[in-house]
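>>> fold the following, please.
(2 chains)
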2 protein chains.
Amino acid sequence: MGDIGFAIGQIPPAAADVLQGRAAFTTHPKIFLGTFIHSRSLTELEYLHNAAVAVDAEGLIVAIEKDLDLSTPSLTRSAAHSLLSKLNWDDSSSSVEITSTNPSKSQFFFPGFIDTHLHASQYPNVGIFGNSTLLDWLNTYTFPLEASLQDQAKARKVYTRVIRKTLSHGTTTAAYYATIDVPSTNLLADLCLSFGQRALVGRVCMDQLGPDYYLDASPEDSLAATEATIAHCRKIDPSFGLVKPIITPRFAPACSAPLMKSLGELAAATNLPIQTHISENVNEIALVKSLFPWQEIGARDDSYAAVYDAFGLLTEKTILAHAVHLTEDEASLVAERKAKVSHCPCSNSAITSGAAKVRWLLERGIPTGLGTDMSGGYSPSVLEAARHAVLVSRHLAMPDAGGEEKDKLSVEEVLFLATRGGAEVVDMKGRVGGFEVGMEWDAQLIGLGEEEEEEEEDQGNVDVFGWENWEEKVAKWVYNGDDRNTKKVWVKGRLVHQRK
Amino acid sequence: MGDIGFAIGQIPPAAADVLQGRAAFTTHPKIFLGTFIHSRSLTELEYLHNAAVAVDAEGLIVAIEKDLDLSTPSLTRSAAHSLLSKLNWDDSSSSVEITSTNPSKSQFFFPGFIDTHLHASQYPNVGIFGNSTLLDWLNTYTFPLEASLQDQAKARKVYTRVIRKTLSHGTTTAAYYATIDVPSTNLLADLCLSFGQRALVGRVCMDQLGPDYYLDASPEDSLAATEATIAHCRKIDPSFGLVKPIITPRFAPACSAPLMKSLGELAAATNLPIQTHISENVNEIALVKSLFPWQEIGARDDSYAAVYDAFGLLTEKTILAHAVHLTEDEASLVAERKAKVSHCPCSNSAITSGAAKVRWLLERGIPTGLGTDMSGGYSPSVLEAARHAVLVSRHLAMPDAGGEEKDKLSVEEVLFLATRGGAEVVDMKGRVGGFEVGMEWDAQLIGLGEEEEEEEEDQGNVDVFGWENWEEKVAKWVYNGDDRNTKKVWVKGRLVHQRK
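A predicted model of the protein is given here:
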């Protein structure tokens, strides 16, 4: 790794940083040196070479220094010391940990990924969907598995694996659907806190459409169960510093009008975020129209978005997964309400939902992030979601699709969606997703393969020949990178994953 | 690994099997036991559990035994000994090597993948294509790199890496484009032989369209250079047992009519295979029409396929890469001539070429395989190409695309394309791509991750929970598998790759 190999004060073993229980959120101050890459805007990455970032014990970025001379280990040490002095961080007492990127291994720091939509409970089914589409997929594959997680031991096994797996892919924040079960949803929250992953944890609300064995008994029961998981999150993380509850009507067809109404009221009363699905599949849209006659529910028109809006579920803290087939009017409504969209390209392609028009959403001012949507999506990796966002955008731009050149998303744009875009979607804009003073250190150390290293460790499929510029290295990472390139991961300043 | 840990006669270290030079093609006889999975037909995989396959010193499958009792190591040894007796293979002298799958690690043998189209010379550019499309991509990224491989040291580095990389992903046969340069094309053939990868190696013929610094000087020079590389392959592998030359007009726009005519004649005289591109991009198609007025060249109509046909380049040994925008008439012509198609989904999506209609090709009786098309495609993995073939087929089936449910390709179908389909495309039907007596042992040992193993080695992203059936395990492999799941690879009976 890129550690320059000297200690200031007492440096704890990295793994000790991972919370094993409900420990306090403080960690050891840290200084990071070397190359930092993050989104400056939708279309532009900023490449900060020879820089240093200081992170305090609460995980906040307190200083960023640029244009340092880090050309030798000794100069790097000097730069770290200068920064320590400047910050009045006492070498002897503060246990400051220093990490620097290794230029010869094409290492760089990158903001942690934000997975704006995934079903933790469906993780064992990734890759298992056959030729199904949404509604039959739910009945065949999804509901039986979700129901089975009422078994706490099974839930612990599944949730542990999904957290570890997503952390290993650099996902520092995840917006999780759990199941309808309160204890196992609470367990997911406990485990996120324990592993140190920032998370929105949602108990799934559904009082219709599902099979008898997997339904909330009534709107009242559904609301009470949701309130119980909110109370649990408040107990284990009172400030919601790491784990926050999210109100989760599964999707309109699975929720009765009284249930949606009470969840809208709950959101208004608590100011909590909301997550749901919208307009993923054409049959689903037809189903929504038939289930919720718009005049009866007082909606402004007969659209899917208007149903949520009628129940107070379209807020500036609402995450709408998919939004594949939104109409122009719906997009206006979503934009007006300042709701956000989670684009899930792997899922939309895999279960033949459609190709979401991300450029079109962005042009309408709708903040958009990326979701793996496991297990509609098969991959745990937001990097793979970014890659597929590029590819799906190209399918939209293909001659037969009647698209335009401008529909294509670039490498820079999908990395924005994966970080700053996602941060806005999960209501954490300005808090995570980039490297700025005042933001929290949710980050990953990326290393790309070089020929010289082939013998020592498995570097994955990014093959750097040495003549690439940084833009090309980043493109190679986006297209062929995987968890082997994610060497270390931090959330809120704490090391939460490290490759062996 | 799944070796059951006993030796019959003298077992050489596995790595010794990899030819390090121009050694003879014989190897040690081998017996494989356990689970074998391969395509029985386009739509059906055969799962052979408790089976044994015997492979002779020439790499031929000489026996397949089914319904054995392999429930314990001891019974597995007995089964191996019985098969040895049956074959009259003398334990004491034949140095038979035994490998069995480990059921607790979800291991199985699968036919090696066949990459029916890739540019070895473009490997350093994988992932680097920006927002370009075919014709500007060639000029910006491709021609400069290909030209630079005239430097033998650079060519050796690039070709070594691409062979090692594709072998590590289970590619046992590759249809390679090299460059226009004779010595470096010959070097690619040498290296394939040296590493033991089955290959079609093509010197690129192009006497127009390219930049001045990267063109054959004349049709005569182009033909002579091609003949030189054919002679070289004949010298190093007289029976073309492993490495075979392939006549390679880059694509119609880069070849003059006299050049294509002479290459057609060369193909007829030598009975060698041909590879080229067809109908990848709409601008390319327009360019072909303008460059080759059909009446002037005596084509049967003004289509792209008719141009190749007019020059004798549409044969039953022709591999046509892409075929994205073929017309109904062209498909009839291709089918009539028994030419084959290499479907390259990663490439077609990445550089916005279009979505090739594989179901439509198959329905017209056109044999189809998969190609990574590096570096138009970014991934070295045929497994990833298979995954993308599924996804692209779903884009074709989406409501907005006007497709149908039947356009979707299944996991079983894309695995057929990756093995038996590819074998037909490279004119090796019945020789590789499946497990049958009389076929050659081109195979890979696949192992999927299980929780218990997490600590001992990196198992990749296929997460088996233990309750999956074999069909589900295979689906998980197709969607989340990578080179970490490819534990060993054999070509013609010889071990050519083994994960550390």
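>>> and the helix or strand of chain A with the lowest mean pLDDT, what does it pack against?
Every helix and strand of chain A was ranked by mean pLDDT, DSSP states H and E. The lowest is strand A:449-450, at a mean of 74. In terms of contacts (3 or more CB pairs under 8 Å, 6 or more residues apart in numbering or on different chains; DSSP states H and E), strand A:449-450 is packed against strand A:463-464. Just so you know, the C-beta spots here come from the backbone N, C-alpha and C atoms, and that holds for glycine as well.
>>> what strands line up against the strand it packs on, and which way round?
strand A:449-450 (parallel) (DSSP bridges).
>>> which other residues reach the partner strand?
Contact with strand A:449-450 is made by A:Ser104, A:Lys105, A:Ser106, A:Gln459, A:Gly460, A:Asn461, A:Val462, A:Asp463, A:Val464, A:Gly466, A:Asn485, as judged by CB atoms under 8 Å, 6 or more residues apart in numbering or on different chains.
>>> any idea how far it is from the chain center?
27 Å (CA atoms, centre = their mean, to the nearest Å).
>>> same question, stretch A:436-455
18 Å.
>>> find the nearest non-adjacent residue to the residue in the stretch 151-300 of chain A positioned nearest to chain B, please.
Closest contact between the stretch 151-300 of chain A and chain B, by CB to the nearest CB, is at A:Val282 (5.1 Å). In this structure, A:Val282 finds its nearest non-sequential neighbour in B:Pro399, 5.1 Å apart by CB to CB, 6 or more residues apart in numbering or on different chains.
>>> before we move on, what about A:Glu468?
A:Lys476 is the one closest to A:Glu468 (CB to CB, 6+ apart), at 6.8 Å.
>>> and A:Glu220, by the same measure?
A:Ser262 (7.8 Å).
>>> need the contact list for that neighbour.
Applying CB under 8 Å, 6+ apart to A:Ser262 gives the contacts A:Pro219, A:Glu220, A:Ser222, A:Leu223.
>>> and what of A:Val491?
A:Gly59, A:Gly112, A:Thr172, A:Thr173, A:Gly196, A:Gln197, A:Arg198, A:Leu242, A:Asp442.
>>> let's see 7 Å
A:Gly112, A:Thr172, A:Gly196, A:Gln197, A:Arg198, A:Asp442 (CB atoms under 7 Å, 6 or more residues apart in numbering or on different chains).
>>> any idea how many residues pack against the fourth one?
Spelled out, that is A:Gln197. Neighbourhood size, A:Gln197 [other CB atoms under 10 Å in any protein chain shown]: 27.
>>> for the host helix or strand of A:Glu296, list the C-alpha coordinates in PDB.
If you go by DSSP states H and E, A:Glu296 is part of helix A:294-297. Extracted in PDB, the C-alpha atoms of helix A:294-297 (Å, rounded to 0.1, in the frame of the first residue of the first chain):
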ATOM      1  CA  TRP A 294     -56.700   9.600  -9.900                       C
ATOM      2  CA  GLN A 295     -60.000  11.400  -9.200                       C
ATOM      3  CA  GLU A 296     -60.700   9.200  -6.300                       C
ATOM      4  CA  ILE A 297     -57.400   9.800  -4.600                       C
END
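>>> can you list the residues that contact the helix or strand that that helix is followed by?
Next helix or strand after helix A:294-297 toward the C-terminus (DSSP H and E): helix A:304-310. With CB under 7 Å, 6+ apart as the test, helix A:304-310 has contacts from A:252, A:276, A:278-279, A:285, A:288, A:292, A:294, A:297-300, A:314, A:326, A:330, A:333-334, A:337.
>>> 8 Å instead, please
Outside helix A:304-310, the residues touching it (CB under 8 Å, 6+ apart) are A:252, A:260, A:276, A:278-279, A:285, A:288-289, A:292, A:294, A:297-300, A:314, A:318, A:320, A:326, A:330, A:333-334, A:337.
>>> same question, stretch A:420-430
With contacts defined as CB under 8 Å, 6+ apart, stretch A:420-430 is touched by A:38-39, A:42, A:111, A:113-116, A:173, A:175, A:200, A:273, A:316-317, A:319, A:340-342, A:367-370, A:382, A:431-434, A:436, A:438-439.
>>> and the closest residue to chain B within the stretch 251-400 of chain A, how far is that from A:Val201?
Nearest residue of the stretch 251-400 of chain A to chain B: A:Tyr378, at 3.8 Å (CB to the nearest CB). For A:Tyr378, the distance to A:Val201 equals 22 Å [CB to CB, to the nearest Å].
>>> hmm, back to that, buried among the contacts of A:Ser262? Make that a ChimeraX selection.
With 16 or more other CB atoms under 10 Å in any protein chain shown as the criterion, this ChimeraX line picks the buried residues out of the contacts of A:Ser262:
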select /A:219,222,223
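>>> so which of the contacts of A:Ser262 is the closest to A:Asp151?
A:Ser222 (21.1 Å; CB to CB).
>>> hang on, A:Thr226 packs against A:Leu266?
Yes: in this structure A:Thr226 lies within contact range of A:Leu266 using CB atoms under 8 Å: 6.8 Å.
>>> would you mind splitting chain A into its domains for me?
The record's domain parsing of chain A by automatic domain parsing lists A:14-111+A:434-498, A:114-425.
>>> tell me which element the nearest residue to A:Gln498 once chain neighbours are set aside is part of?
Among residues not flanking A:Gln498 along the chain, A:Lys488 sits closest, at 5.0 Å (CB to CB, 6+ apart). Counting by DSSP H and E, the element that carries A:Lys488 is strand A:486-491.
>>> ok, that strand: who's next to it in the sheet?
strand A:443-446 (antiparallel), strand A:494-498 (antiparallel).
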